[in-house]
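1. have a look at this fold, sequence not included:
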């Protein structure tokens, strides 16, 4: 399916939306002030609605009959879990600590560097819940498998996020907002999933498969991208003043976040290739491993360290750099798709010479 003008020039639209959001917050401060009143457990309801626009088109595409078969191909799910919970939080800590506390110490005060490090840790321990559906869509990922990967990560997040954050921060009495975590999962996964499933069942029954695939889903295509862009405008309208007040530190914080992203992506994508995962599973698995649940990270930073803290600023910088870097990785993933096997049902299978050998063996009786 063609992405159209939004997909082709997404990087440009993202940049324009970031500028628009910062300008909106600066020149019309009543806008973010008004929206900030509509929160539940520090989750912004307006942002949640926009996230629904991002996720719903992906949910409506899912054929739930294929979800039951995920247990037959566990390697993609295993890769996601290992990267998100045994690799990513700890590489984030090491990389951020080296840059913010050692390499950049002449330019960043020690206490402020610790706050920036805390924000990086909050980002690294929160695997993506919403935007990963956009990356999966742009790389033609297996929608059903992506849903399972995200859902399992959300379940693990409920139990693992606090202990990992506490361990890495070294603060035994830290309080992680569990109500924020649980509500975010409900808002960003459960509600759009239920809406997508209900509409899919209803439309398939009333309109038929051809109309659903060729008309309804085609019209939904731009909705995901529009939801992403509007979300960025709203988010940066909230945090624009801090970005303008600390322009130099923005770049210093961004360097370790970007470095860590490429390191983790290289590990995840490389392991997926070695394991012979099909590309529709390998691509989302690697991208889930490097994208962040920034809504949770920002909420946790504000709750734990305050709205004007260095930790909150670091989480906002995470949002600032994530979209452009993820778009670069999406381009790379798509450019290297030919080197992976392609089973559209998501089955893991051998690649390279092994795959050719099996195909030759299968065709031998017909020669």
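-> Yep, that arrived. Note that this is a predicted model, so its numbers are computed, not measured. Numbering: from 1, shown residues only.
2. and the strands in the stretch 101-250 of the chain?
-> Ranges of strands in the stretch 101-250 of the chain, per DSSP state E, counting those that start in this stretch: none exist.
3. what about it, any weak spots by pLDDT?
-> Across the stretch 101-250 of the chain, the ranges flagged by pLDDT under 70 are 129-130, 171-182, 184-185.
4. could you pull out the helices in it for me?
-> Along the stretch 101-250 of the chain, the segments classed as helices by DSSP state H, counting those that start in this stretch run 110-124, 132-138, 143-169, 178-185, 191-207, 209-211, 217-245, 247-275.
5. for the first one, packing partners?
-> Okay, so that is helix 110-124. Contacts defined by 3 or more CB pairs under 8 Å, 6 or more residues apart in numbering; DSSP states H and E place helix 110-124 against helix 88-97, helix 143-169, helix 247-275, helix 294-305, helix 310-335. Quick note: C-beta positions are derived from backbone N, CA and C, even for glycine.
6. next, the angle from it to helix 143-169.
-> Helix 110-124 and helix 143-169 are oriented at 150 degrees to each other (axes from the mean of the first three to the mean of the last three CA atoms, to 10 degrees).
7. which residue sits closest to residue 237, ignoring its sequence neighbours?
-> Spatially, and ignoring its direct neighbours in sequence, residue 237 is nearest to residue 25 (3.9 Å; CB to CB, 6 or more residues apart in numbering).
8. roughly how far apart are the one you found and residue 53?
-> Shown here: residue 25 relative to residue 53, a distance of 21 Å by CB to CB, to the nearest Å.
9. looking at these two, which is more packed in?
-> In terms of neighbours (other CB atoms under 10 Å), residue 25 is the more surrounded of residue 25 and residue 53; the figures are 24 against 19.
10. tell me the secondary structure at the more buried one.
-> Classification of residue 25 using DSSP: H, G, I helix; E, B strand; the rest coil returns helix.
11. tell me the pLDDT at it?
-> What the model reports for residue 25 is a pLDDT of 88.
12. can you put the helices of the stretch 101-250 of the chain in TSV and add mean neighbour count and distance to residue 321?
-> Shown next, in TSV, are the helices of the stretch 101-250 of the chain (neighbours: other CB atoms under 10 Å; distance: least, CB to CB, whole Å):
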stretch	mean neighbour count	distance to residue 321
helix 110-124	23	10
helix 132-138	25	15
helix 143-169	20	20
helix 178-185	18	21
helix 191-207	15	26
helix 209-211	10	41
helix 217-245	19	12
helix 247-275	18	5
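13. distance to residue 15 for these - can I get that in TSV?
-> What follows is these, written out as TSV (distance: least, CB to CB, whole Å):
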stretch	distance to residue 15
helix 110-124	21
helix 132-138	16
helix 143-169	26
helix 178-185	27
helix 191-207	27
helix 209-211	37
helix 217-245	10
helix 247-275	15
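14. any idea how far the closest residue to residue 280 other than its chain neighbours lies from residue 297?
-> Using CB to CB, 6+ apart and skipping the chain neighbours, the partner closest in space to residue 280 is residue 142 (4.1 Å). Note on residue 142: its distance to residue 297, by CB to CB, is 27 Å.
15. now do residue 110
-> Remark: distance between residue 110 and residue 297 (CB to CB) = 23 Å.
16. can you check residue 124 too?
-> 9 Å.
17. and what of residue 166?
-> Going from residue 166 to residue 297 by CB to CB gives 15 Å.
18. how far does stretch 243-255 sit from its chain's centre?
-> Here stretch 243-255 is found 22 Å from its chain centre; the criterion is CA atoms, centre = their mean, to the nearest Å.
19. kindly report the same for stretch 321-330.
-> Worked out by CA atoms, centre = their mean, stretch 321-330 lies 10 Å from the chain centre.
20. average pLDDT across it?
-> In the prediction, stretch 321-330 has an average pLDDT of 88.
21. buried residues of it, list them for me.
-> Applying a neighbour-count criterion of 16 or more other CB atoms under 10 Å, one finds 321, 322, 323, 325, 326, 327, 329, 330 buried in stretch 321-330.
22. right, I'll call it a day here.
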